[in-house]
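Chemist: output the structure for:
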Amino acid sequence: MLTVLRADKGWEPFTRAIERPELAFDPRFATFKSRQANAAALVAILDAVFASQNWAAWRERLEAYGVTFGPIARIGGVKDDPQMAAAEVIVPMADGPFRTISNPVSVAGQSKVPGGRAPELGEHTDEILRGLGYDAAGITSLRRLGVIAP
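Modeler: Numbers count the residues shown, from 1 in each chain. The predicted model follows:
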């Protein structure tokens, strides 16, 4: 998907960025209205142009020409999106090299606690049961009966 901001002012730099400066003067595409009227032909041209290089190359080229643009995020790319990191939506985890989604809830006067890894299955079972008043014999009995995992 492509949107050229400030359609008439941004069109000519865009045509230079994509190495098709003649499109700026083609009567079918010279104005916003003519581009709308000839959208099918323009899309066919742009499809061929953009298919000629990968996204990284186009990104570099558009940036070099000062074209205002932004990719439409795909779910697989969100984790590496610089804006998501800058907005602290994707944050480092407390332990390990991984990142996670930040807690969206803020409480006045309280700092957010960095996320950590999820517990292993049954990792805290004994601790929780002891907190509920079970002793070692009671926990062993629950395991033997199959109430909790071994």
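
Chemist: contacts and neighbour counts: CA atoms only from here.
Modeler: Noted.

Chemist: how far away from the center of its chain is the top helix by length along the chain?
Modeler: Scanning the chain for the helix with the most residues, using DSSP state H, yields helix 39-51. Taking C-alpha atoms, centre = their mean, to the nearest Å, one finds the center of helix 39-51 at 26 Å from the center of the full chain.

Chemist: what lies in contact with it?
Modeler: For helix 39-51, contacts defined as C-alpha atoms under 8 Å, 6 or more residues apart in numbering pick out 18, 29, 35, 58.

Chemist: what do you get if the cut-off is 10 Å, keeping everything else the same?
Modeler: Contact with helix 39-51 is made by 2, 15, 18-20, 23, 28-29, 33, 35-36, 52, 57-58, as judged by C-alpha atoms under 10 Å, 6 or more residues apart in numbering.

Chemist: from Thr140, how far off is Thr125?
Modeler: According to C-alpha to C-alpha, to the nearest Å, Thr125 and Thr140 sit 12 Å apart.

Chemist: got a list of what the residue nearest the centre of the chain touches?
Modeler: Centroid-nearest residue in the chain: Val78, 1.6 Å away (criterion: C-alpha atoms, centre = their mean). Val78 makes contact with 84-85, 89-90, according to C-alpha under 10 Å, 6+ apart.

Chemist: so, low pLDDT: which residues of this structure?
Modeler: 1, 4-5 (pLDDT under 70).

Chemist: give me the element the residue of the chain most remote from its centre is part of.
Modeler: In the chain, the greatest distance from the average C-alpha position (C-alpha atoms, centre = their mean) is reached by Ala137, at 49.9 Å. Taking DSSP states H and E as the criterion, the element that holds Ala137 is helix 136-144.
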